[in-house]
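S.K.: I need the structure of the sequence given here:
(chains A and B)
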Amino acid sequence: MEKLKGLKCRECGRAYRAAPVHVCEFCFGPLEVDYHYDALKEMVTRETIAAGPPSMWRYRALLPVDGDIAVGHHVGFTPLVAARNLAQELGVREVWVKNDSVCHPTWSFKDRVVAVALAKAKEFGFDTVACASTGNLANSVAAHAAEASLKSYIFIPADLEPGKVLATLVYNPTLVKVEGTYDEVNRLCSEIADKYRWAFVNVNFRPYYSEGSKSYGYEIVEQLGWRTPDHIVVPCAGGSLITKIWKAIKEFKMLGLIDRVTARIHAAQALGCGPIVTMIKNDTDVLVPVRPNTIAKSLAIGNPADGYYAYKTTKESGGSGEHATDAEIVEGMLLLARTEGIFTETAGGVTVAATRKLIESGAIGKRDSVVICITGNGLKTPDALYARLETHVQIRPSLSAFDRALADLKSQAVREGQG
Amino acid sequence: MARMRVRLTFPPERIQEPIIYHLVKDFDIITNIRRADVKRDHGWVALEMEADEAKLEQGIAWLKGKGVTVDPIEHDVIVP
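M.R.: As a prediction, the model looks like this:
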């Protein structure tokens, strides 16, 4: 039996054959990939997974791809770091950092979703892929399109800073700057996706694209030794990652790969763009769109498509959510760097800061285990830190000058220690 | 004729107004509600609209002027 059943509407349940479509024609609900889980039970064991490559494709049986993998061979299977120093600092027994800041090839978890979307685009016979993005997604689509020899169109707002597009332009896509307000650009991209039969990764390929995020959840469980932690703290933008991590865990349980699910899933967002966490805190399933105003640009989605499902994930798993202010985000980035030597982008600062607050509020207990999801690299957002970091010492090129500076540093450390 | 799939989000002060009626009557737009959730203080409607492109644009501009958020059915297409 084939593993892939097709697509299913998340709202009305109507079934569709596997095709590059994303909206239910009847109720306009979002479509999701559906599998023959009975067939998967026969195919997937811990051993078959462990025998796979050290990449996200070790879970390929659980991803919506067929045939040979055409693109993104080395994506995923990023380190799950035992963060002992951070655990001590946060005052909690066990902390792990799932570190997608070193995901190959463009240093964010977006490589997982894009690899699946483009593999599927090749399967369907598309020769052109596209996305509308201001950051990580654009980087990843352009890079993977280059690898797969696909034409790519990347749409960006015309006023985006030149520095933001360098890591996309280098892969030689067709970059289209669109003039207008954010809403106008957003609507135009939806219309372009509707008119041109391209593989628009986060529009008509969204059901496949979003499934790539499940690999992040599978890896957490396998790398922990086939168990779930007590808590997982997930940064939320569109709300897809958090729902897919939860789906991954539920699938492992359904397939008998783990005995029980202990994880409570918590959402982390910036205070300047936190509509999902606001839903959780107000305990309402109504999402009120916001205008983003935060340094966490990679989480700045004011009207998240999966906001409702993200809220439901936290409810269903017994989790919660926390906001982080811009100052707390910077402190979170610095804390992770100082304690574990991991330089994350602002989104990671949000997650670390939210975790600290969840521990302080008691939502995460001191004796519990927690996985912090780090989804992007700090070298992409250095602007957030310029004002906070300074060189400690500047000297003339002489040994005596250095001796004096070192003595000053030591006495300063003693004074600070006494203070 | 142009066709558009949108999600309208209504602020509390517009919940009791016949907004979609005016889209039909004043802008000659054919509307088709596919899904909706209207509560006491908030509401959204997943709506199909069909009309001449100019009429559609006028209708959308009027909605925005009323404080109604008009998004593609996919919500935010631009992703960071």
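
S.K.: Please see if the host helix or strand of A:Arg338 touches chain B.
M.R.: With elements delineated by DSSP states H and E, A:Arg338 resides in helix A:326-340, which encompasses its position. No - no part of helix A:326-340 sits close enough to chain B to count as contact by C-beta under 8 Å from any C-beta of the partner chain; the gap is at least 14.4 Å. C-beta coordinates here come from the backbone N, C-alpha and C atoms, glycine included.

S.K.: nearest residue to A:Ala324 other than its sequence neighbours?
M.R.: Here the nearest residue to A:Ala324 in space, its sequence neighbours aside, is A:Ala353; by C-beta to C-beta, 6 or more residues apart in numbering or on different chains that works out to 3.7 Å.

S.K.: who's in contact with that neighbour?
M.R.: A:Ala268, A:Glu322, A:Ala324, A:Thr325, A:Glu328, A:Ile329, A:Glu331, A:Gly332 (C-beta atoms under 8 Å, 6 or more residues apart in numbering or on different chains).

S.K.: quick one, helices of chain B?
M.R.: Counting by DSSP state H, chain B has helices at residues B:19-27, B:53-65.

S.K.: which residues of the stretch 1-150 of chain A fall in strands?
M.R.: Chain-ordered strands for the stretch 1-150 of chain A, with DSSP state E, counting those that start in this stretch as the definition, fall at A:4-9, A:15-16, A:31-35, A:80-82, A:94-99, A:128-132.

S.K.: In CSV: the ones you listed, plus distance to A:Gly238 and mean pLDDT.
M.R.: CSV is the format used below for those (distance: least, C-beta to C-beta, whole Å; pLDDT from 0 to 100):
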stretch, distance to A:Gly238, mean pLDDT
strand A:4-9, 18, 96
strand A:15-16, 22, 98
strand A:31-35, 14, 97
strand A:80-82, 24, 98
strand A:94-99, 19, 98
strand A:128-132, 12, 95
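
S.K.: could you give the angle of the helix holding A:Arg338 to strand A:94-99?
M.R.: With axes from the mean of the first three to the mean of the last three C-alpha atoms, to 10 degrees as the criterion, the two stretches helix A:326-340 and strand A:94-99 enclose an angle of 100 degrees.

S.K.: What is the distance between helix A:326-340 and the centre of its chain?
M.R.: In terms of C-alpha atoms, centre = their mean, to the nearest Å, the centre of helix A:326-340 is set 18 Å apart from its chain centre.

S.K.: Could you count how many residues lie near the residue lying closest to A:Ala354 once chain neighbours are set aside?
M.R.: Counting by C-beta to C-beta, 6+ apart, the nearest residue to A:Ala354 once its immediate chain neighbours are dropped is A:Ala268, at 3.4 Å. Using other C-beta atoms under 10 Å in any protein chain shown, A:Ala268 has 33 neighbouring residues.

S.K.: A:Ala268 belongs to a strand?
M.R.: Yes - note on A:Ala268: a strand contains this position according to DSSP: H, G, I helix; E, B strand; the rest coil.

S.K.: Please report the distance of it from A:Cys236.
M.R.: Distance of A:Ala268 to A:Cys236, computed by C-beta to C-beta, to the nearest Å: 7 Å.

S.K.: Name the residues contacting each of these two.
M.R.: Any residue near both A:Ala268 and A:Cys236 by C-beta under 8 Å, 6+ apart counts here, and that gives A:Val277, A:Gly321.

S.K.: quick one, domains of chain A?
M.R.: Chain A is divided into the following domains under automatic domain parsing: A:80-107+A:213-387, A:113-209, A:389-418.

S.K.: tell me, how many neighbours does the nearest residue to A:Ser215 once chain neighbours are set aside end up with?
M.R.: The shortest distance from A:Ser215 to any residue that is not its chain neighbour, by C-beta to C-beta, 6+ apart, is 3.8 Å, and that residue is A:Met56. A total of 29 residues lie near A:Met56 under the criterion other C-beta under 10 Å.

S.K.: Look up how far chain B lies from A:Met56.
M.R.: A:Met56 sits 19 Å away from chain B, going by C-beta to the nearest C-beta, to the nearest Å.

S.K.: again, but for A:Lys297
M.R.: Here A:Lys297 is placed at a distance of 6 Å from chain B (C-beta to the nearest C-beta).

S.K.: burial count for that residue?
M.R.: Around A:Lys297 sit 22 other residues, with neighbours defined as other C-beta under 10 Å.

S.K.: My read is that A:Phe402 contacts A:Asp408, right?
M.R.: No - look at A:Phe402 against A:Asp408 with C-beta atoms under 8 Å: they stay out of range, at 10.6 Å.

S.K.: quick one, what contacts the residue in chain B positioned nearest to chain A?
M.R.: With distances taken as C-beta to the nearest C-beta, chain B approaches chain A most closely at B:Pro72, which sits 3.4 Å away. When the contact criterion is C-beta under 8 Å, 6+ apart, the partners of B:Pro72 are A:Asn186, A:Arg187, A:Cys189, A:Ser190, A:Glu191, B:Arg5, B:Val6, B:Arg7.
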